[in-house]
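Peer 1: Compute the structure for the input listed below.
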Amino acid sequence: MVCKMSKNELLAIPKVCPVTGESLYVSELTSAKGEVVIRGKFALPEQDELSEEMRDFLVVFLRARGVISTMEKELGISYPTVRNKIDALLEAMKLEPFKHDKKSEAKAEDRAKILKQLEDGEISAAEAKEMLKKAGAK
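Peer 2: Below is the predicted model of the structure:
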C-alpha cells in the first residue's frame, strides 16, 4: 500500500498496519530535499508507541516540570491518581523508577494526603500543621 502526498506534508506514523493489524517499523528515511534516502529497519521511538492519553499526560508532566500538585490542578485528579498514571507511563515506556528511600517516599505521600485533606476542607489549618509535624515535615 502506497500513500501519495505532497513533499511538504508530513503524516503521523501509524502504530499498526491498517490492513493486517500487525506492528510496523520504519524502513526508509528521506532527507528534507529528497536527495538522500536511507533504507533499513528502524524502531519507532518509545513515546510514539504510547496511547494518545499517555502522550497527553506526558506533555502535562513535562509542562508541570514533574510537580505533582500542579498536575493535580491541571488535570483535575487526585495525587494517588497522578501517581498511578506516572507508574502506568513508566511501565508503558518499559522504565524502572529510580530506587530511593521508601521512608522518604511514604512521608511525602503522607504530607500530600494531609495537604489534600486541608484543601478539601476535611481538616483545619491547625490540624494540618499538627499532622505535618507528626509526619516529619519541616
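
Peer 1: Go through the longest helix along the chain and flag the buried ones.
Peer 2: For the chain, the longest helix by residue count, based on DSSP state H, is helix 102-119. In terms of neighbour count (16 or more other Cβ atoms under 10 Å), helix 102-119 has its buried residues at 110-112, 114-116, 118. Every C-beta, even on glycine, is put in place using the N, C-alpha and C of the backbone.

Peer 1: Check stretch 43-60 too.
Peer 2: So, applying 16+ other Cβ under 10 Å, buried residues of stretch 43-60: 49-50, 54, 57-58.

Peer 1: The residues you listed in helices, which ones?
Peer 2: 54, 57-58.

Peer 1: Could you tell me the per-residue confidence at Ala126?
Peer 2: The model reports Ala126 with a pLDDT of 93.

Peer 1: In three-state terms, label it for me.
Peer 2: The local conformation at Ala126, judged by DSSP: H, G, I helix; E, B strand; the rest coil, is helix.

Peer 1: re the thing from before, next, format the buried residues of helix 102-119 as TSV and append pLDDT.
Peer 2: Output for those, formatted as TSV (pLDDT from 0 to 100):
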residue	pLDDT
Asp110	84
Arg111	85
Ala112	85
Ile114	90
Leu115	88
Lys116	88
Leu118	89
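
Peer 1: from the residues you listed, which single one is nearest Tyr25?
Peer 2: Closest approach between these and Tyr25, by Cβ to Cβ: Ala112, at 41.2 Å.

Peer 1: Run through the neighbouring helices and strands of the helix or strand of the chain with the lowest mean pLDDT.
Peer 2: Least confident helix or strand, the chain: helix 102-119 with a mean of 80, by mean pLDDT, DSSP states H and E. If you count contacts as 3 or more Cβ pairs under 8 Å, 6 or more residues apart in numbering; DSSP states H and E, helix 102-119 packs onto helix 68-75, helix 79-92, helix 125-134.

Peer 1: among those, which is nearest Arg39?
Peer 2: Per Cβ to Cβ, nearest to Arg39 of the helices and strands packed on helix 102-119: helix 79-92, 29.3 Å.
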